[in-house]
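Trainee: coords below, sequence missing:
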C-alpha cells in the first residue's frame with residue numbers, strides 16, 4: 001500500500017467489526033472510521049437486515065433516502081483526507097464499498113455500464129474475496145435471494161444506479177462546497193464535471 005501511494009484508509013465498518021482487527025495499522029497510514037450502516041436506526045434495518053437484503057444492492061437507495069448523512073460523512077472523509085491515495089473498505093468489499101464506489105463513479109459521470117462492470121468485478125472475484133476472509137462464497141445464495149424478489153444481483157445494482165439522485169445527496173447538509181468539488185473531481189485527479 002505504501003508503494004502504491006495509499007496514505008489514508010476510510011473504514012466503513014461498524015464499531016464491532018473494527019474491534020475484530022488483530023493487527024495494528026502502520027504509523028504512516030491515517031485511518032478514518034465512518035460507520036456507513038447506522039444500525040441505531042432500527043426502523044430502517046428491520047426491513048433489510050434479518051432477511052438478507054443488506055447483502056444486496058436492493059438496500060442502496062432506501063439507505064440513501066433514510067440516512068443520507070451516512071454516505072455524506074463517507075464522501076466528506078474521502079474528500080478531506082490527508083494528501084495521498086485514499087482506500088475505502090468494509091468487511092467484504094461488496095456492498096458498503098459498492099455503494100460508495102457507485103456514488104464516486106456517478107459523481108464523475110462515468111458511463112453507467114462501466115459503473116455496473118466495476119460492481120460486477122467484485123462479484124466475479126467472489127472466490128478470492130471469500131478465501132481472503134476465510135468465508136464461503138455467498139454469491140450463489142445472494143443471487144437466489146435477488147431472484148426471489150424478481151431481480152438479479154446485476155439487476156438490483158442497475159436499479160440502484162438508475163434511481164440514484166446524486167443531486168439530492170449532494171444538496172444534503174454536511175457536504176461542503178469544497179468537499180463536493182473534491183468528490184466530483186476525485187480530489188483533482190479528473191476534470192470536474
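Mentor: Received the coordinates, thanks. Everything numeric in this text was worked out from a predicted model, so none of it was measured.

Trainee: Secondary structure class of the most far-flung residue of the chain relative to its centre, three-state.
Mentor: Residue distances from the centre of the chain (CA atoms, centre = their mean) peak at residue 27, which lies 25.0 Å from the mean C-alpha position. Residue 27 carries the three-state label coil when classified by DSSP: H, G, I helix; E, B strand; the rest coil.

Trainee: Equivalent analysis for the one 5 residues further on, please.
Mentor: Taking three-state DSSP as the rule, one finds residue 32 in the strand state.

Trainee: Look up which residues are beta-bridged to it.
Mentor: Beta-bridge pairing of residue 32 under DSSP bridges involves residue 10.

Trainee: can I assume it is in contact with residue 13?
Mentor: No - at 11.8 Å, residue 32 does not count as touching residue 13 under the criterion of CB atoms under 8 Å. For every residue, glycine as well, the C-beta is placed using N, CA and C.

Trainee: what touches both of the two?
Mentor: Shared contacts of residue 32 and residue 13 (CB atoms under 8 Å, 6 or more residues apart in numbering): none.

Trainee: residues near residue 92, how many?
Mentor: By the criterion of other CB atoms under 10 Å, residue 92 has 18 neighbours.

Trainee: Just confirm it is within a strand.
Mentor: No - per three-state DSSP, residue 92 lies outside any strand segment and is coil.

Trainee: For it, give me its contacts.
Mentor: Residue 92 touches 129, 133, 135, counting by CB under 8 Å, 6+ apart.

Trainee: Quick check, the first one in contact with residue 90.
Mentor: No - if you go by CB under 8 Å, residue 129 and residue 90 don't touch, sitting 11.3 Å apart.

Trainee: which residues do the two both contact?
Mentor: With CB under 8 Å, 6+ apart, residue 129 and residue 90 have no common neighbours.

Trainee: And the strands in the chain, which stretches?
Mentor: Secondary structure of the chain (DSSP state E): strands at 6-11, 30-33, 85-89.
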